[in-house]
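> I'll drop the sequence and a predicted model, then ask my questions.
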Amino acid sequence: RLYFGASMAQFAAMNMQMMARAWFMYALTGSVIMLGLSALSNAIPMLGLSLFGGVIADRVQKKYVMLGGQIANLVIALGIGIAITLGTIHWAHLIVAGLLQGTVMGLMMPARQAIIVEIVGREDLMNAVALNSAGMNVNRLLAPAAAGILIAVLGIQGVYYSMAGLYLVATLFIAS
């Protein structure tokens, strides 16, 4: 249950971040090219580092890989939120945040997937994978909408603070 709660919080924050960063990049620059670059900044390290993430998942305790990833994502989201609040945000910060978050996700996600069998065992693996996938897909649908509502209600910094809060919840659940 704790793993599933952590996954739901992490997936919600991740999907909110993708929409919020793209929206904010376009709001800052008015450029569709920069919007595309912000998405690319996240995708390239995530794709390129996932093989290394698999090696790390095999050699380091998966729980600690996940904790490190959640804390790193929390710090990144909080840093962007503070920069927005202070009025010091620049589009380059969003590119760097995308690179960092893509790196974290590429290194952390293999451990997140591999730990499932350790938690539930082989006999319940199919159900656990299905539940994990369902949670991920629910968040793909609902989290971007939640981010849009939060932008309207709290402003873009509120979305980043909410993401930091979700990463904190995920960290606490994994640490338990």
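Structure received. All values derive from a computational prediction rather than experimental measurement. Numbers count the residues shown, from 1 in each chain.

> Packing partners of the helix or strand where Ile82 lies?
Ile82 belongs to helix 62-86 when assigned by DSSP states H and E. For helix 62-86, the contact count by 3 or more C-beta pairs under 8 Å, 6 or more residues apart in numbering; DSSP states H and E identifies helix 2-29, helix 32-59, helix 91-120, helix 156-175 as packing neighbours. Placement of C-beta: from N, CA and C, glycine included.

> if we compare the ones you listed, which one ends up closest to Ala72?
helix 91-120 (4.7 Å; C-beta to C-beta).

> What residues of that closest one count as buried?
91, 93-95, 97-112, 115-116, 120 (16 or more other C-beta atoms under 10 Å).

> The next helix or strand after it vs helix 156-175, what angle?
Once the chain leaves helix 91-120, the next helix or strand it forms, by DSSP H and E, is helix 125-154. Interaxial angle of helix 125-154 relative to helix 156-175 (axes from the mean of the first three to the mean of the last three C-alpha atoms, to 10 degrees): 150 degrees.

> what comes up buried for helix 125-154?
Result for helix 125-154 [16+ other C-beta under 10 Å]: buried residues 128, 132, 135-136, 139, 143-144, 146-147, 150-151.

> show me what contacts Glu118?
Glu118 sits next to Lys62 when contact means C-beta atoms under 8 Å, 6 or more residues apart in numbering.

> circling back: what residues does the helix holding Ile82 touch?
Residues contacting helix 62-86 (C-beta under 8 Å, 6+ apart): 6, 10, 13-14, 17, 24, 53, 56-57, 89, 93-94, 97, 100-101, 104-105, 107-108, 111-112, 114-115, 118, 155-157, 160-161, 163-164, 167-168, 170-171, 174-175.

> mind redoing it with 6 Å?
Helix 62-86 has contacts (C-beta atoms under 6 Å, 6 or more residues apart in numbering) with 56, 89, 93, 97, 100-101, 104, 108, 111-112, 114-115, 156-157, 160-161, 163-164, 167-168, 170-171, 174.
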